[in-house]
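A.B. asks: need a 3D model of the following:
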Amino acid sequence: MGATAFQKGLGAVHALSHPIGAVYGTPHGMTNAIALPAVVKFNRPAIEARVELLAAYLGIEGGFDGFYAWLIDFSRALGVPEKNVGPWCGSRSDRPSGKNGGRRSKCWRQPDPADQRDHQKAL
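C.D. replies: Numbers count the residues shown, from 1 in each chain. So this is what the prediction gives:
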């Protein structure tokens, strides 16, 4: 429940990272890094013009698509996991609860763009 207190006013990457980290016990920075590409892609209609300016400033060709490709390559070079096979990385009965009993989860999942109902189902 504490994670919900942090969501007001945050961007989607950070707001998603709190509840995902609480459920899976994942490191906060890595959870943000995993969520970033999905959120950038989801927000394309709202941020495309600004990302194109950013790409040009950084010398990345191809506008938004070029920047997104660079982001994926950069994430891979850093060893950021992309997606796992399922939302719970195992059977439903294996789903971690709370802070995963203090253990660090070996399960990484990049969240797909989702609405509030999807998040409620997942958590």
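
A.B. asks: this protein: helices as residue ranges?
C.D. replies: 2-5, 12-24, 28-42, 44-58, 63-77, 116-122 (DSSP state H).

A.B. asks: for the residue nearest to residue 44 when sequence neighbours are not counted, give me the pLDDT.
C.D. replies: Among residues not flanking residue 44 along the chain, residue 64 sits closest, at 6.4 Å (C-beta to C-beta, 6 or more residues apart in numbering). All C-beta spots, glycine's among them, are computed from the backbone N, C-alpha and C. Residue 64 carries a pLDDT value of 98.

A.B. asks: my guess is residue 64 contacts residue 43, does it?
C.D. replies: No: here residue 64 lies out of contact with residue 43, judged by C-beta atoms under 8 Å, at a distance of 10.5 Å.

A.B. asks: please say which of those two ends up with more neighbours.
C.D. replies: Each of residue 64 and residue 43 has its neighbours counted (other C-beta atoms under 10 Å); residue 64 has more, 19 against 15.

A.B. asks: and the residue lying closest to residue 52 once chain neighbours are set aside, how many neighbours?
C.D. replies: Using C-beta to C-beta, 6+ apart and skipping residues adjacent in sequence, the residue nearest residue 52 is residue 63, 4.3 Å away. A count of nearby residues for residue 63, using other C-beta under 10 Å, gives 16.

A.B. asks: and the helices of the chain, which is most packed in?
C.D. replies: helix 12-24 (a mean of 21; mean count of other C-beta atoms under 10 Å).

A.B. asks: got the CA coordinates for it in CSV?
C.D. replies: Extracted in CSV, the C-alpha atoms of helix 12-24 (Å, rounded to 0.1, in the frame of the first residue of the first chain):
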residue,chain,number,x,y,z
ALA,A,12,4.7,6.5,-15.6
VAL,A,13,8.1,4.8,-15.4
HIS,A,14,8.6,5.8,-11.7
ALA,A,15,5.0,5.3,-10.8
LEU,A,16,5.0,1.7,-12.2
SER,A,17,8.4,0.9,-10.6
HIS,A,18,7.1,1.3,-7.0
PRO,A,19,4.3,-1.4,-7.1
ILE,A,20,6.3,-3.7,-9.4
GLY,A,21,9.2,-3.6,-7.0
ALA,A,22,6.9,-4.1,-4.0
VAL,A,23,5.4,-7.3,-5.6
TYR,A,24,8.6,-8.8,-7.0
